[in-house]
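>>> The sequence and its predicted three-dimensional model are supplied below.
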Amino acid sequence: MALNNSQYDAIMREYDRKQSRNRRRQKERQEKVYRQLPRLEELDGRLASLAVRQARRLLDGDRGAVDSLREEYARIRREREELLAKAGYEPDYLEMHYDCPLCRDSGYVEGKKCRCFRQKELELLYHQSRIREKLKEENFDTCTDLCYSETELMEGTRVTVRRYMQNVIAGCRRFADEFEQKGGNLVFYGSTGTGKTFLAGCIAKELIERYLSVVYLSATDLFDLMARDRFARDEEFPEERSLGAVLECDLLIIDDLGTELSNSFTNSQLFYCLNERLSAGKSTIITTNLSPGQLGREYSERIGSRLVENFHFISMPPGDIRIWKQREQRKRHGGEK
């Protein structure tokens, strides 16, 4: 996945702004504490001079003097921490606070792009800002089971639909919480408006906030991208729009699988995408209106076997939660009692 020069420069300028902002905030905290604790400013000055003296002694090969300087350095640090604690400050209050502790807002870790940089690439190349706006309203904080019946039983069970969805939502939270350790693949299936895309989005938001790379595409957009990647031979679709991010991102969400025009090309490309990601240990979430049996009939046997063997299927209860949401909005605005 390649950025053009202007896109790369735009990302790096953003990192520069973050560094400048965080340095300014650190200086403001420092000035505030020094006014309150003059002794702390004196100690910090002594630490700085000790560091210079230590460097000179190292150059002179004086190991014994260096050890004594280290002891003095440790003593000053302890006094410094005690002063901060008595004044009610955390030990790291005067340290630099980074947006991304992994790369310290540089964009790189050990010469490689940090995952926060990768996420910014995705935002540029795959318009992830669209899902970010959507997820401001659709996330675990706004997720509710109230739109599901507390009397109707989930088909094939003795559990109410609401209780069933409480368990599903809790399972989705665990999936997100354990994602970096366990990964995993999900298929949400059910009729339109049952909350499949909402739950996939809830998981996406949790991962995006941890700087994990998430690509969210409708099935139609995914296959359009695959077709361009395979057949385009001109400047209309440059290398930066390649399939690399789809295959390499931490989580791929394929929304509304089954709504695309199904043919031999989409079947082969879906198998390729799933197989490549499974082989690389990458996670995928699929939402679809098709039941497991319909998926098996609609797509090839190879795809069906990959799904059955590697994905956890979650059935959504019938009903359109969008109608419930619209009714709740009218109630809040006094349009319905």
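Thanks, I have the structure now. Everything numeric here is computed off the predicted structure, so don't read it as measured data.

>>> hang on, isn't residue 46 packed against residue 76?
Yes: judged on C-beta atoms under 8 Å, residue 46 makes contact with residue 76 at a distance of 5.8 Å. Where C-beta positions appear, they are placed from N, C-alpha and C, glycine not excepted.

>>> Using CSV, list the CA coordinates for the helix or strand in which residue 180 is found.
Residue 180 belongs to helix 179-182 when assigned by DSSP states H and E. Extracted in CSV, the C-alpha atoms of helix 179-182 (Å, rounded to 0.1, in the frame of the first residue of the first chain):
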residue,chain,number,x,y,z
PHE,A,179,-8.8,-9.0,20.0
GLU,A,180,-5.0,-8.4,20.3
GLN,A,181,-4.5,-11.7,22.1
LYS,A,182,-7.0,-13.9,20.3
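
>>> Buried residues of that helix, list them for me.
Going by neighbour count (16 or more other C-beta atoms under 10 Å), the buried part of helix 179-182 is residue 179.

>>> The helix or strand just after that helix: partners in the sheet, and parallel or antiparallel?
Sequence order places strand 186-189 as the next helix or strand after helix 179-182, per DSSP H and E. Applying DSSP bridges to the sheet, strand 186-189 is found paired with strand 283-288 (parallel), strand 312-315 (parallel).

>>> contact partners of the last one?
This points to strand 312-315. 168, 171, 184, 185, 186, 187, 188, 189, 190, 199, 292, 307 (C-beta atoms under 8 Å, 6 or more residues apart in numbering).

>>> can you check stretch 204-217 too?
100, 102, 114-116, 118-119, 122, 126, 128, 131-132, 135, 138-140, 176-177, 179-180, 200-201, 225, 245-246, 248-255.

>>> Mark which of these are buried, thanks.
By 16+ other C-beta under 10 Å, these give 100, 114-116, 118-119, 122, 126, 128, 131, 135, 138-139, 176, 179, 200-201, 225, 245-246, 248-255 as buried.

>>> Helices - which of the residues you listed land there?
Counted as lying in helices by DSSP state H, out of the buried ones among the contacts of stretch 204-217, are 115-116, 118-119, 122, 126, 131, 135, 176, 179, 200-201, 225, 245-246, 248.

>>> all strands for this structure, in order.
Remark: strands assigned in the chain by DSSP state E are 108-109, 112-113, 186-189, 214-218, 251-257, 283-288, 312-315.

>>> Alpha carbons of the last one, as CSV, please.
The C-alpha trace of strand 312-315 is given here as CSV (Å, rounded to 0.1, in the frame of the first residue of the first chain):
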residue,chain,number,x,y,z
HIS,A,312,-18.2,-18.0,14.6
PHE,A,313,-21.8,-17.5,13.3
ILE,A,314,-24.1,-15.2,15.2
SER,A,315,-27.8,-15.2,14.4
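
>>> Quick check: mean pLDDT of that strand?
Averaged across strand 312-315, pLDDT comes to 96.

>>> what does stretch 194-208 give?
Per-residue scores along stretch 194-208 average to 92.

>>> Next: stretch 228-244.
pLDDT averaged over stretch 228-244 gives 57.

>>> End to end on that stretch, go ahead and measure it.
By C-alpha to C-alpha, to the nearest Å, the extent of stretch 228-244 from end to end equals 13 Å.

>>> In JSON lines: the strands paired with strand 186-189, plus mean neighbour count.
Shown next, in JSON lines, are the strands paired with strand 186-189 (neighbours: other C-beta atoms under 10 Å):
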{"stretch": "strand 283-288", "mean neighbour count": "25"}
{"stretch": "strand 312-315", "mean neighbour count": "16"}
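
>>> and residue 272, which of these is closest to it?
Closest to residue 272 of the strands paired with strand 186-189, according to C-beta to C-beta: strand 283-288, at 12.8 Å.

>>> Now do the same contact list for residue 292.
Residue 292 sits in contact with 187, 189, 307, 308, 313, where contact means C-beta under 8 Å, 6+ apart.

>>> same thing but 6 Å
Residue 292 sits next to residue 313 when contact means C-beta atoms under 6 Å, 6 or more residues apart in numbering.

>>> Using a markdown table, please lay out the strands of the chain together with distance to residue 39.
Below are the strands of the chain laid out as a markdown table (distance: least, C-beta to C-beta, whole Å):
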| stretch | distance to residue 39 |
| --- | --- |
| strand 108-109 | 37 |
| strand 112-113 | 43 |
| strand 186-189 | 56 |
| strand 214-218 | 48 |
| strand 251-257 | 50 |
| strand 283-288 | 52 |
| strand 312-315 | 59 |
